[in-house]
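Chemist: model the structure of this input:
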Amino acid sequence: MKIDHKKELKNLYNASVKAIQTVEVPKMNYIMIDGEGNPNDSESFGAAVTALFSAAYTIKFMIKKGETAIDYSVMPLEGLWWMEDMTEFTVENKNRWKWTLMIMQPEFVTKEIFEAAIETATKKKKLPMLSDLRFEAYEEGLSAQLMHIGPYTEEEENIQSLHKYIDNNNCEKSHKHHEIYLNDMNKTAPEKLKTILRQPMKAR
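Modeler: You can find the predicted model right below:
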């Protein structure tokens, strides 16, 4: 029986299109990689995505064929986005955006398994960015989130709605802007893309 963590963590990997939801995001483990620049024309962005999924699927098949023989679905791509000065974080400044791409890992995936998977993947594929991946825990805590359907270029209105919701609830933004990409961006029509927009927050 294949485990689908998107269903087990439905409150975190599904969201309403119409209403902003408040969720508590626990500490979870991720494969991560950092970068900088416009994701639309950055070669390193595409290479980072390829390296992430190469590692994630290598881990999946190692566990499926190992002693535990657990089968599970690889989780979707996620991204953290920011700038050193968040007042300048606009679509006009994409070339200066900083990002961390990541894929959540189940509890039974350890750092040792991750390191073994990187070694295996490196032998099979010549992907230079595999060496830039890391295994790390990340915790956001209290967050507001909303589902965006459509092109990434049209997210701004929903992002502003999130920020207004946080302000109206006597809170302020904490941590980085977070996006969860539920579709394959290379195989899905822009108008059908589903993206969870999440903003961690804390009481003022």
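Chemist: point out where this protein drops to low pLDDT.
Modeler: By pLDDT under 70, the weakly predicted segments of the chain are 86-87, 91.
Chemist: quick one, strands of the chain?
Modeler: Listed from the start of the chain, the chain has strands (DSSP state E) covering 21-25, 28-36, 77-82, 98-105, 134-138, 141-149, 171-173, 177-181, 194-203.
Chemist: which of these is buried the deepest?
Modeler: Among the strands of the chain, ranked by average contacts under mean count of other C-beta atoms under 10 Å, first place goes to strand 98-105 (a mean of 22). For glycine as for every other residue, the C-beta is placed from the backbone atoms N, C-alpha and C.
Chemist: give me the angle between that one and strand 177-181.
Modeler: Strand 98-105 and strand 177-181 are oriented at 50 degrees to each other (axes from the mean of the first three to the mean of the last three C-alpha atoms, to 10 degrees).
Chemist: strand partners (parallel or antiparallel) of strand 98-105?
Modeler: Within its sheet, and counting by DSSP bridges, strand 98-105 is paired with strand 28-36 (antiparallel), strand 77-82 (antiparallel).
Chemist: wait, which of these is closest to P128?
Modeler: If you check each of the strands paired with strand 98-105 against P128 by C-beta to C-beta, strand 28-36 wins as the nearest, at 11.6 Å.
Chemist: my guess is V23 contacts G141, does it?
Modeler: No: proximity of V23 to G141 does not meet the contact threshold set by C-beta atoms under 8 Å, at 9.5 Å.
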